[in-house]
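Colleague: fold the following and give me the result.
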Amino acid sequence: MATFESKQARPAPRNTKGITHWLRENLFSDITSSILTILSFVLLYLTIPPLLDWMIFDATWTGTKEEITKDGARWIFIFEKFNQFIYGFYPEDQYYRPNLVLFIFLLYIYGFKKINNTLVRAFIVLSFPVISVVLLYGGFGLEIIPTTKWGGLLLTIVVAAVGIIVSFPIGILFALGRQSKMPIIKTISIMYIEFIRGVPLITLLFMSSVILPLFFPENMDFDKLLRALIGITLFQAAYIAEVIRGGLQAIPKGQYEAADSIGLTYWQTMGLIILPQALKISIPNIVGSFISLFKDTTLVLIIGLFDVLAMVTLTSTDPKWLGFETEGYVFVTLIYWVICFSMSKYAKSLEEKFNTDHR
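Modeller: Residues are numbered from 1 along each chain as shown. Below is the predicted model:
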């Protein structure tokens, strides 16, 4: 009988590993890649050092306006107006209320991951909006803070969160309606989606701010923030509907036939089989729509609401702090980037969590 002698594995050749191999494979694989890599390094060299000098090394972090001697960013403006950027005109002695909402939100997120009971999860989802409204607006023993005093990042997050949360189920219903075999429901869904998608968001904000109150009694004070929330929600729902419809169209016909074969009703088929798959497929596009909505909240300035971007313009008109708009816009840009990047990374984690492909 033949015998086989085991041999110890030898290390890979030097030219197939290490930083040199990686650079050759990824940055200098051919002439075109080499040229683009060199140009990229030149561009980074010309932009990053001056930017770091302006933002960090040559910036003014403390002191007063009169003590500024450096040519870099004057971040003392941000520190001076920080509360307005975050809370708008919210009373200073009531800052604990939005801070408490944030703390409860983080606590709910942590608990939501640990809890597997469906009823408890449903209670968490349904109770948080109620608690948030009571804390932010007032009532039940708390001082009433009218929405006209809401502003800054607080207002931006409220508008974006309400638009995202409320528009999502509405969008699902219109997506199902557009796929429906009932002519009336399908026609209404198509007309709504196509009309909303054909109109700019700024137009809907004007309509919700000016025209919507005409449908209510004259003595009824229709809150300006509520008008904006209605317009943004209706706008976002149409786009979510189209995103989800794309996911529904990607589901093989055999999934519907399998559900029919075991006697599932329409809503059971959608809730248990079709929608979970369609939503999983649509996660990147859904999050993309949510990120766009978050950035579109800046348009509420048109109807007199001061979000975090509008607060830059407002605070920079202070006679004591004229000429500090650049620092304000850079600060707001960083805020938007951090939040949008976090949403994108969370969406990526959801994709990996719900990925059921066999590889």
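Colleague: excluding its backbone neighbours, what's nearest Lys316?
Modeller: Lys isn't right for residue 316; it's Ser. Nearest residue to Ser316 in three dimensions, chain neighbours excluded: Glu325, at 4.5 Å (CB to CB, 6 or more residues apart in numbering). From N, CA and C alone the C-beta is placed, and that goes for glycine too.
Colleague: for burial, what's the neighbour tally of that neighbour?
Modeller: 15 (other CB atoms under 10 Å).
Colleague: please apply the same query to Leu39.
Modeller: 10.
Colleague: any idea how far Leu27 is from it?
Modeller: Applying CB to CB, to the nearest Å, the value for Leu39 to Leu27 is 12 Å.
Colleague: ok, Leu173 next?
Modeller: According to CB to CB, Leu173 and Leu27 sit 49 Å apart.
Colleague: tell me which element the residue lying closest to Leu27 once chain neighbours are set aside is part of?
Modeller: Sequence neighbours aside, Thr37 is the residue nearest to Leu27 in space, at 4.5 Å (criterion: CB to CB, 6+ apart). Thr37 is part of helix 31-52 when elements are defined by DSSP states H and E.
Colleague: state the next helix or strand along the chain beyond that helix.
Modeller: helix 76-80.
Colleague: before we move on, the earlier item: ok, now how distant is the residue nearest to Ser316 from Ala278?
Modeller: Going from Glu325 to Ala278 by CB to CB gives 45 Å.
Colleague: got it, and Gln249?
Modeller: 9 Å.
Colleague: more neighbours, the two?
Modeller: Higher neighbour count among Gln249 and Ala278: Ala278, with 23 against 11, using other CB under 10 Å.
Colleague: so where's the protein uncertain?
Modeller: Residues of the chain meeting the criterion pLDDT under 70: 1-18, 356-359.
Colleague: just give the nearest non-adjacent residue to the residue at minimal distance from the centre of it, would you?
Modeller: Centroid check for the chain by CA atoms, centre = their mean gives Ile291 as the closest residue, at 3.8 Å. Spatial nearest neighbour of Ile291, excluding adjacent residues (CB to CB, 6+ apart): Cys340 at 5.0 Å.
Colleague: what helix or strand is that neighbour on?
Modeller: In this assignment (DSSP H and E), Cys340 forms part of helix 325-353.
Colleague: run through the residues that contact the closest residue to Gly63 other than its chain neighbours.
Modeller: Leaving aside its sequence neighbours, Gly63 sits nearest to Ile76 (CB to CB, 6+ apart; 6.2 Å). Contact analysis of Ile76 by CB atoms under 8 Å, 6 or more residues apart in numbering lists Thr60, Trp61, Thr62, Gly63, Thr64, Lys65, Ile68.
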